[in-house]
Every structure is written in C-alpha cells, then in structure tokens.
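**Q** no sequence on hand, only this structure:
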C-alpha cells in the first residue's frame, strides 16, 4: 500500500517517471537489469532481502543506477550501512512528498542526499564501537536465554561469551545484556556491517 501510494505521488511529478515496482528485495536487481532505472528507491525493511543488501547487490549489477533509501527507521547505524552499501541518499518516510521528489532529482543528478537530523545524529553517535564478535554475541542474547545457550549456538565457551557480553555492555553504556542489545539494536549496530 505504501509503495503504491509513493509511486502514485511520484507519478504526479512532471519530470519523474516510475518505471517499475517490486514487492521484495530479491526482485530489485532483476527488475533493475530489465528496466535500467536512473534511481532505485528502496526501503530498509523489505521481504526476502533487506534494502541494504539489495542496494549493495544493485551497485554491482547495475552500477549506473543510484539508490535512495526511504525508510521509517531513522537510525544512525542504518545511515552508515546504507552509505557503505552504495546508497546515494537516505531520507525518512515521514518527509513531505515534495522532499522525496526533490531527493530523487538530486540523487539522479549525482548528489548525495541525507536527512539533516539523521546526519547530525550519526555524527554525534560516531561509529559502531562493537567488534564483529561482540555484535554477534549481543544479537544472540535476543534469541537465547542463557549464557550456555549462546555459547552453544556460537560454538564458544561460556567464559568467552561472558567476556564479549561484558565488553559490549560497557561499550554501549548499558546496565545489563538486555539493555545493551536494545541500545545496539536501536542504533542499528547489530546488523551485519552495522
């Protein structure tokens, strides 16, 4: 419904032509190869393949197609991941339609577009302080109840899991592993590359 509404709004712009729509991230590259759009507008949350992964695949498969991420998830970590995946822009869905059309025009012209508030938040946040292993262990706390279960699922010792959790808790300034996982998730740090 949102995709259709966005396409309808963009179709009302005299200088923009919506050439295609897809329902899931795994359809992005094949459709872009077929249609050769100037700009692909992707959401982070897409079925089958997330928008960040689709953006990275699109950069390789159709290098001339620029990517604009439009999402409800205004997390500084996502902004960094989007730029690392090759996106040229990152704007929030709650922006006015005229702002979205303007962002598409700017991205098509080869410029970068980033929601100003999110850019400031990303600068204030800095980069993800977690190592890959700390992120993996912390993400596992959301699915596993005990240290032993986390250790078994990641083929680590209980002590190693405790050490990684302790480091992650300290780095994010949390009181416990559940709070650390929530903080890291909210900042977009638990996703691969976050």
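**A** Structure received. Here the structure is a predicted model, which is why all the values come from computation and not from measurement.

**Q** so what's the closest residue to residue 25 other than its chain neighbours up against?
**A** Excluding the flanking residues, the one nearest residue 25 by Cβ to Cβ, 6 or more residues apart in numbering is residue 49, at 3.1 Å. For every residue, glycine as well, the C-beta is placed using N, CA and C. Taking Cβ atoms under 8 Å, 6 or more residues apart in numbering, we find residue 49 in contact with 24, 25, 26, 28, 57.

**Q** at 7 Å what do you get?
**A** Contacts of residue 49 were listed using Cβ atoms under 7 Å, 6 or more residues apart in numbering, and they are 24, 25, 26.

**Q** for residue 22, see how far away residue 86 is.
**A** 18 Å (Cβ to Cβ, to the nearest Å).

**Q** and if you look at residue 118?
**A** 25 Å.

**Q** cool, residue 87 as well?
**A** For residue 87, the distance to residue 22 - Cβ to Cβ - is 17 Å.

**Q** so what touches the top strand by length along the chain?
**A** For the chain, the longest strand by residue count, based on DSSP state E, is strand 66-71. With contacts defined as Cβ under 7 Å, 6+ apart, strand 66-71 is touched by 38-44, 51, 55, 58, 82, 86-93, 100, 103-104, 107-108, 113.

**Q** residue 172 and residue 180 touch, don't they?
**A** Yes: in this structure, residue 172 is within contact of residue 180 by Cβ atoms under 7 Å, at 5.0 Å.

**Q** quick one, which of these two is more surrounded?
**A** Shown here are residue 172 and residue 180; by other Cβ atoms under 10 Å, residue 180 has more neighbours (24 against 21).

**Q** show me the contacts for that one.
**A** The neighbours of residue 180, taking Cβ under 7 Å, 6+ apart as the test, are 138, 168, 169, 172, 174.

**Q** what about residue 56, neighbour count?
**A** With other Cβ under 10 Å as criterion, residue 56 counts 18.

**Q** so, low pLDDT: which residues of the chain?
**A** 1, 73, 76, 122-126, 191-194 (pLDDT under 70).

**Q** distance of the residue of it most remote from its centre relative to residue 59?
**A** Taking Cα atoms, centre = their mean, the residue of the chain most remote from its mean C-alpha position is residue 159, at 32.0 Å. Computed with Cβ to Cβ, the distance linking residue 159 and residue 59 is 41 Å.
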